[in-house]
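Asker: All I have is the shape, not the residue letters:
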């Protein structure tokens with residue numbers, strides 16, 4: 001079976017992918033600096049290397065003798081990226097180019113890249129598909145788009161095969177309770193809802209009440225992290241059997257408002273969510289959801305665990321342990 005390196009494999013999404021690949025029989029190596037991940041989340045069947053992608057010796061040792069690389073190591077707070085773009089340039093752009101250079105040096109020809117819906121910016125039509133113009137409205141989205149473009153140039157020039165996976169709102173937890181460490185300093189809605197439920201936060205701020213939606217709050221497309229993990233394994237299979245590189249959305253095509261999420265979280269947990277409305281946040285489109293037809297056609301992938309109830313139950317099973 002193949003040797004696969006996951007860079008950022010101790011992180012929230014990465015650790016789910018590691019378990020999935022180990023279950024499928026891959027020989028998995030994880031390289032992570034543990035700045036946002038946890039070693040405890042890494043499947044013990046995987047080999048773990050604690051180190052940074054900016055350490056050439058460690059990076060080249062990790063990449064040597066692998067068949068494929070899944071690159072997930074990035075900063076992902078859109079708001080923070082607008083305040084500290086230099087930090088995002090280093091980690092997301094320079095870091096990714098360092099990984100790419102090491103892949104070339106070690107003759108690794110298959111790369112799965114963790115991208116984002118933030119490459120699209122404000123939607124000019126919905127549901128989004130992969131033909132939608134890319135026009136990021138935050139620096140985080142720009143960094144991911146920048147690397148996508150680099151990867152496709154390298155694919156053309158060097159013959160590397162690439163799968164760029166544009167996640168929408170990744171959430172949920174492994175349904176077999178294998179992963180129990182919660183995210184550090186989350187900036188996304190669902191973990192913040194959970195932190196409010198357990199009292200870690202005194203309240204949840206809901207940004208805006210006057211959007212053109214049924215209840216006035218934003219609508220988003222939530223995708224269970226186990227479905228994302230499945231898409232990564234299927235992407236590896238695709239790169240094995242195909243000669244082309246791909247760029248695909250990973251989403252459900254459904255969307256839920258902020259108030260939908262709060263209501264369902266209260267029902268799942270049996271606890272109240274203390275929230276208050278505040279003014280709109282810059283850069284939040286009213287609605288964001290997507291087609292994943294390409295993922296279905298190319299990878300035979302479709303989400304299985306991404307209904308809102310399953311997502312919230314799986315999150316609550318982890319967070320309630322912190323009460």
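Answerer: Structure received. The structure presented is a predicted model; accordingly, all values stated were derived computationally and were not measured. Numbers count the residues shown, from 1 in each chain.
Asker: measure residue 238 to residue 162 for me?
Answerer: 11 Å (CB to CB, to the nearest Å). For glycine as for every other residue, the C-beta is placed from the backbone atoms N, C-alpha and C.
Asker: I meant to write residue 227 there.
Answerer: 21 Å.
Asker: now do residue 128
Answerer: Taking CB to CB, one finds residue 128 at 20 Å from residue 162.
Asker: hey, where'd the strands end up in the stretch 151-300 of the chain?
Answerer: Along the stretch 151-300 of the chain, counting by DSSP state E, counting those that start in this stretch, strands occupy 161-167, 169-171, 204-207, 219-220, 222-224, 246-250, 256-257, 275-278, 287-288.
Asker: With distance to residue 103, mean pLDDT and mean neighbour count added, can I get those strands in a markdown table?
Answerer: Output for these, formatted as a markdown table (distance: least, CB to CB, whole Å; pLDDT from 0 to 100; neighbours: other CB atoms under 10 Å):
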| stretch | distance to residue 103 | mean pLDDT | mean neighbour count |
| --- | --- | --- | --- |
| strand 161-167 | 10 | 98 | 23 |
| strand 169-171 | 24 | 97 | 23 |
| strand 204-207 | 39 | 97 | 17 |
| strand 219-220 | 33 | 97 | 23 |
| strand 222-224 | 27 | 98 | 26 |
| strand 246-250 | 17 | 98 | 23 |
| strand 256-257 | 38 | 98 | 21 |
| strand 275-278 | 44 | 97 | 12 |
| strand 287-288 | 32 | 96 | 20 |
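Asker: I'd like these laid out as CSV, including distance to residue 37.
Answerer: Listed next are these as CSV, based on distance: least, CB to CB, whole Å:
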stretch, distance to residue 37
strand 161-167, 17
strand 169-171, 14
strand 204-207, 25
strand 219-220, 24
strand 222-224, 19
strand 246-250, 20
strand 256-257, 27
strand 275-278, 29
strand 287-288, 26
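Asker: how about those, which one is nearest residue 74?
Answerer: Residue 74 sits nearest to strand 161-167 of all the strands of the stretch 151-300 of the chain, at 11.3 Å, using CB to CB.
Asker: The closest one pairs with which strands, parallel or anti?
Answerer: strand 110-116 (parallel), strand 246-250 (parallel) (DSSP bridges).
Asker: Below-threshold pLDDT in the protein: ranges please.
Answerer: By pLDDT under 70, the chain contains no weakly predicted segment.
Asker: Could you chop it up by domain?
Answerer: In terms of domains, the chain is parsed into 3-171+222-250, 189-220+254-289+306-322 (source: automatic domain parsing).
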